[in-house]
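Predicted model and sequence below, questions to follow.
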Amino acid sequence: MSEAMLKEHIKTHSFKRCYLLYGEEPYMVRHYKNALKKAVLGDSDKMNLSTFSGKVTDINNIIELAETLPFFSDYRCILIENSGLFSSANELSEYIARIPETTVIIFSETEVDKRTKLYKAVHKNGFTVEFDIQKENDLINTIIKKFTANNISINYDLAKYFVIRIGLSMDELFSEANKLIAYVYENKIVTKEDIDYVCPRQLSDRIFDLMDYIGKKELENAISLYLDLINLQESPIKILSLINTHFYRLHYIKQWIAEGKRGELAKLLKINPYFMPKYMEQSKNFSDKTLKDALEYGIFVDNAIKTGEMNEYIAVESLIIKFSV
């Protein structure tokens, strides 16, 4: 089902008996959950709202509430969040087709198995919407609209620079956009210098730079960046974890490309396709043997830190030096 159809349901108050909102973009799931709840009940009707958050074990309680007539309202709304109901079999699937017309059930989930009977029941009798990570161009236009709504000018190139700098998470983009709006509110225009000053690059983005230096054997730049991160109070343990993850991804990218799986890389690694060209280009800087050695040494360093055999700051530096020379 489409986001456009969901918007139409909210606008016209033509509700299905149940909705399932899920996907990799939590901002969109949260936005439409709240919009749908508000459309069903209005702003202040808490009497006809029942909320379940976390793992649900008592299905009968949900059914009893669904069968209860609303109090001075057209609808009763049941909001069920991160319930785990869509990961295994349960009896709620048999009830979905019998939900009364006076009840609207909203499922807001992070994990959904489309093979379950409950998913199939909601998809058939209600409405399911999966919210994927938004495309870069859509996010750029969204950011431009947000600044425009606050009477602040930002051109397309700067909006693109902002999105690339912050990443594709709408929560992070909006959080950083709000900071930037507050900073430039009097000037009413955004400059690159404003973005650089207000919105520091994410650690994961800096790790890409670090891995570039390591792969190109630029030891001085690699150590300098590592020390900069330490001075910014970044944890060496976190830096090590990101480096090890990065080596892991590069290792399998080279392996799977050799196996003819180039088009499946993002899915196999469970990362956003937007970042794949950068990973693929970076993988060319490392041989298969180097990546295998780096994975083994990363595990060794991690264990040495945990057992107290190596100081965490020096341990991570030793890994950087070993593969930058």
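Perfect, I can see it now. Computed from a prediction, not measured in an experiment: that's the story for all the values here.

Residues in contact with the longest helix belonging to the chain: which ones?
The single longest helix within the chain, with elements called by DSSP state H, is helix 236-258. Contacts of helix 236-258 from elsewhere in the structure, counted by C-beta atoms under 8 Å, 6 or more residues apart in numbering, are 203-204, 207-208, 210-211, 226, 229-230, 262, 264-265, 268-269, 271, 279-280, 282-283, 286, 288, 291-292, 294-295, 298-299, 301-302, 305, 312-313, 315-316, 319-320. Using the backbone N, CA and C atoms, a C-beta is placed for each residue, glycine as well.

From the residues you listed, list the buried ones, please.
By neighbour count, with 16 or more other C-beta atoms under 10 Å, these hold 207-208, 210-211, 226, 229, 265, 269, 279, 282-283, 286, 291, 294, 298, 301-302, 305, 312, 315-316, 319-320 as buried.

Centre of the chain to the longest helix of the chain, how far?
Taking C-alpha atoms, centre = their mean, to the nearest Å, the mean C-alpha location of helix 236-258 is offset from the chain mean by 19 Å.

Now do the helix or strand that that helix is followed by, average pLDDT.
Using DSSP states H and E, the helix or strand that follows helix 236-258 in sequence is helix 265-269. Taken as a whole, helix 265-269 has an average pLDDT of 84.

if we look at helix 265-269, which residues are touching it?
249, 252-253, 256-257, 261, 272-273, 276, 279-280.

sec struct for Ile106, please.
At Ile106 the chain is in strand, as set by DSSP: H, G, I helix; E, B strand; the rest coil.

In contact with it, which residues?
In this structure, Ile106 makes contact with 18-19, 21, 33, 36-37, 40, 77-80, judged by C-beta under 8 Å, 6+ apart.

any idea how far Asn48 lies from Ile181?
36 Å (C-beta to C-beta, to the nearest Å).

Pick out whichever of the two has more residues nearby.
Set Asn48 next to Ile181 and count neighbours by other C-beta atoms under 10 Å: Asn48 wins out with 23 against 18.

any idea how far Leu291 is from Ile305?
Taking C-beta to C-beta, one finds Leu291 at 21 Å from Ile305.

Next secondary structure element downstream of the helix or strand bottoming out on mean pLDDT in the chain?
Lowest on mean pLDDT, DSSP states H and E among the helices and strands of the chain sits helix 265-269, with a mean of 84. Downstream of helix 265-269, the next assigned helix or strand under DSSP H and E is helix 276-283.

ok and that following helix relative to helix 236-258, angle-wise?
Going by axes from the mean of the first three to the mean of the last three C-alpha atoms, to 10 degrees, helix 276-283 is angled at 90 degrees with respect to helix 236-258.

picking up where we left off before, select only the buried ones of the contacts of helix 265-269 in PyMOL?
In PyMOL, a selection of the buried entries from these looks like this (16+ other C-beta under 10 Å):
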select buried, resi 249+252+253+256+276+279
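
now the contacts of helix 265-269 in a markdown table, with pLDDT and distance to Val112?
Formatted as a markdown table, the contacts of helix 265-269 follow (pLDDT from 0 to 100; distance: C-beta to C-beta, whole Å):
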| residue | pLDDT | distance to Val112 |
| --- | --- | --- |
| Arg249 | 93 | 25 |
| Tyr252 | 93 | 26 |
| Ile253 | 93 | 28 |
| Trp256 | 91 | 26 |
| Ile257 | 89 | 30 |
| Lys261 | 86 | 25 |
| Asn272 | 72 | 19 |
| Pro273 | 75 | 20 |
| Met276 | 84 | 24 |
| Tyr279 | 91 | 27 |
| Met280 | 90 | 30 |
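
ok, which stretches of this protein are strands?
Using DSSP state E, the strands of the chain run over residues 18-22, 49-53, 76-81, 103-109, 127-130.

any chance of those strands in a markdown table, plus mean pLDDT and distance to Asn151?
Putting the strands of the chain into a markdown table (pLDDT from 0 to 100; distance: least, C-beta to C-beta, whole Å) gives the following:
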| stretch | mean pLDDT | distance to Asn151 |
| --- | --- | --- |
| strand 18-22 | 96 | 32 |
| strand 49-53 | 93 | 36 |
| strand 76-81 | 95 | 35 |
| strand 103-109 | 96 | 33 |
| strand 127-130 | 95 | 32 |
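
With distance to Glu176 as extra columns, can I get those strands in JSON lines?
Output for the strands of the chain, formatted as JSON lines (distance: least, C-beta to C-beta, whole Å):
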{"stretch": "strand 18-22", "distance to Glu176": "25"}
{"stretch": "strand 49-53", "distance to Glu176": "28"}
{"stretch": "strand 76-81", "distance to Glu176": "26"}
{"stretch": "strand 103-109", "distance to Glu176": "24"}
{"stretch": "strand 127-130", "distance to Glu176": "26"}
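
Give me the nearest residue to Val56, chain neighbours excluded.
Excluding the flanking residues, the one nearest Val56 by C-beta to C-beta, 6 or more residues apart in numbering is Ser83, at 4.2 Å.

Model confidence score at Met1, please.
Confidence at Met1, expressed as pLDDT, is 65.

The one 4 residues further on now?
The confidence metric pLDDT takes the value 93 at Met5.
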